[in-house]
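One predicted model, sequence on top.
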Protein chains: 2
Amino acid sequence: MIIIGEKLNGSVPSVKEAIKARNEQFIYDLAVRQAKAGAHYLDVCAGTNPEDEADTLVWMMDIVQDAVKVPLCIDSPNVRVIAKVFKNAKIPGIINSVSAEGEKCEVIFPLIEGTDWKVIALTCDNAGIPADSEKRTEITRSIVEKALKHSISPDRIFVDPLVTALSTDNTSLLKFIETLRYVKEIYPTIKVTSGLSNISFGMPLRKIINQNFLALALYNGMDSAIMDPLNRDLRATILACEALLGRDRLCRKWFDAYRKKLIG
Amino acid sequence: MIIIGEKLNGSVPSVKEAIKARNEQFIYDLAVRQAKAGAHYLDVCAGTNPEDEADTLVWMMDIVQDAVKVPLCIDSPNVRVIAKVFKNAKIPGIINSVSAEGEKCEVIFPLIEGTDWKVIALTCDNAGIPADSEKRTEITRSIVEKALKHSISPDRIFVDPLVTALSTDNTSLLKFIETLRYVKEIYPTIKVTSGLSNISFGMPLRKIINQNFLALALYNGMDSAIMDPLNRDLRATILACEALLGRDRLCRKWFDAYRKKLIG
């Protein structure tokens, strides 16, 4: 499981506060804690007003890269902002994100052509998020085809099938799994990622739904999650499922995490 | 999910104590609490020395049948004991269990022929528990064939593939799922059941492993579990997975369980 640490996000009140106060230590610590907890990438999202966004992102990127060696996941709804701050990254990470909407692919793909950068591809287009898996797969195909023109191979693409709320669509997980299977059938090396909290929107005891979503998605081949790496329950779910799926020889990782008090 | 409540078992210290003291109230309460928590069957197991076993079982059965309307799951390693106490059951339940070992099928099948009784079939024989799924499936087939001679159809059989400890066999869950698929392919109406705690034997934080085993087994079509129906975490896992699998229209059961404070 490739873990993309989600905590450095300006839409989180405490992070918003830290950004406003230019509290370097807060950002630094949050980067270190997520890296120590096993994050493979650290998402950075300014979440501020458009005028300040690029400056804020560069400020965050500098602090995070000072704090840890973990690559960044540069996160903005505006691909022009990503293009602007891109050169401040010291090592290749992930672009978050493109979709079939507007000029996103056209701005990002030339930027990461010939590099080791990866990219998250959301399965939506100008018409929004399609209800069915077939259309989501079609969108994935159109994005991959554009990527291939820039020599960006499918293994560098993390498809996010944009899981919807279970409370309004009871087939939400089933559609997610279906989309995952369709896109992996076409592009066996493509990666699938997802946030873990949209699924439980509008429901009580969200964390239990999120945990079980994670277990079932992981079982079905989800490669990555955009999540809070400091969440002990989610970490335990990942390690338990990896052991159950025979991916943890002699359950060593499980015993090790227990001894280090990282789970339970 | 068909829940077989496991708490009335003489191998549990508090139950052993109650049996020794012939504490009717204790047995009565444990029956009522499990039934209220949603158990579809109540397992009764004396767990005493062989001489007392039949008497103890009859004593337990009488109390439980006084307390609740939930059918029994008569549990003994000795099929002669089951045969002896069988007539004390007021309504059809489940026999726990037969296997391909010794005379088990030969004693139990004539007993439940022409009734609505169901039976748990363990996938072991005189040589013990086979390591591979193919042999477990073969054992299932041999048991079903014997059952058919007594007009006991596969839908009355709960196969228990006898999950082994993950700590000693990293492919334990995978073998369980494989066996489940094999037997359901041959007998589509057969049911699969399992205890939830063997999987985590020898590991720390067993309940997390057990919960994730339950989620993944349920996803793969396990029909039933022999479990503690009073365990709120397991109940939440079942309800969360049923919602995620689209089996809980508008997530009503989830909201309902939350409102009644049965989960969380």
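Structure's in. What do you need? This is a predicted model, so every value here is computed, not measured.

just the helices in chain A please.
Assigned by DSSP state H, the helices in chain A fall at A:13-20, A:24-36, A:50-67, A:79-85, A:104-112, A:133-149, A:172-186, A:206-219, A:232-244, A:252-259.

State the pLDDT value of A:Ala217.
On pLDDT, A:Ala217 comes in at 98.

isn't it right up against A:Leu174?
No - applying CB atoms under 8 Å as the test, A:Ala217 and A:Leu174 come out as separate, 11.3 Å apart. Heads up, the C-betas are built off the backbone N, CA and C, glycines and all.

Between those two, which is the more surrounded one?
Neighbour count, other CB atoms under 10 Å in any protein chain shown: between A:Ala217 and A:Leu174, A:Ala217 has more, with 26 against 15.

got a list of what that one touches?
Residues near A:Ala217 by CB atoms under 8 Å, 6 or more residues apart in numbering or on different chains: A:173, A:176-177, A:180, A:194, A:225.

Go through those residues and say which is closest to B:Leu230.
A:Leu173 (27.5 Å; CB to CB).

How much space separates that closest one from chain B?
Distance of A:Leu173 to chain B, computed by CB to the nearest CB, to the nearest Å: 4 Å.

sorry, back to before: let's have the helices of chain A in a markdown table, adding distance to B:Lys118.
Converted to a markdown table, these look like this (distance: least, CB to CB, whole Å):
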| stretch | distance to B:Lys118 |
| --- | --- |
| helix A:13-20 | 55 |
| helix A:24-36 | 51 |
| helix A:50-67 | 59 |
| helix A:79-85 | 60 |
| helix A:104-112 | 57 |
| helix A:133-149 | 38 |
| helix A:172-186 | 30 |
| helix A:206-219 | 29 |
| helix A:232-244 | 28 |
| helix A:252-259 | 36 |
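
of all these, which lies closest to B:Pro50?
helix A:232-244 (36.9 Å).

Which strand residues bridge the most centrally placed residue in chain A?
For chain A, A:Ile226 is the residue whose C-alpha lies nearest the centre (CA atoms, centre = their mean; 3.6 Å). Counting by DSSP bridges, A:Ile226 forms beta bridges with A:Ile4, A:Gly195.

Mind pulling up the pLDDT for it?
On the pLDDT scale, A:Ile226 is placed at 98.

Could you do A:Pro50 as well?
A:Pro50 is assigned a pLDDT of 89 by the prediction.

in terms of contact, does A:Thr193 touch A:Met227 like I think?
No - using CB under 8 Å, A:Thr193 is not in contact with A:Met227, being 9.8 Å away.

re the thing from before, please identify the one among the contacts of A:Ala217 that lies nearest to chain B.
Lowest distance from chain B to the contacts of A:Ala217 (CB to the nearest CB) belongs to A:Leu173, with 4.4 Å.

show me the contacts for the residue nearest to the closest one when sequence neighbours are not counted.
Of all residues not flanking A:Leu173 in the chain, B:Leu244 sits nearest, at 4.4 Å (CB to CB, 6 or more residues apart in numbering or on different chains). With contact taken as CB under 8 Å, 6+ apart, B:Leu244 is in contact with A:166, A:172-173, A:199, A:209, A:212-213, A:216.

any idea how far the residue nearest to A:Asp155 when sequence neighbours are not counted lies from A:Ile120?
Among residues not flanking A:Asp155 along the chain, A:Thr189 sits closest, at 3.9 Å (CB to CB, 6+ apart). According to CB to CB, to the nearest Å, A:Thr189 and A:Ile120 sit 16 Å apart.
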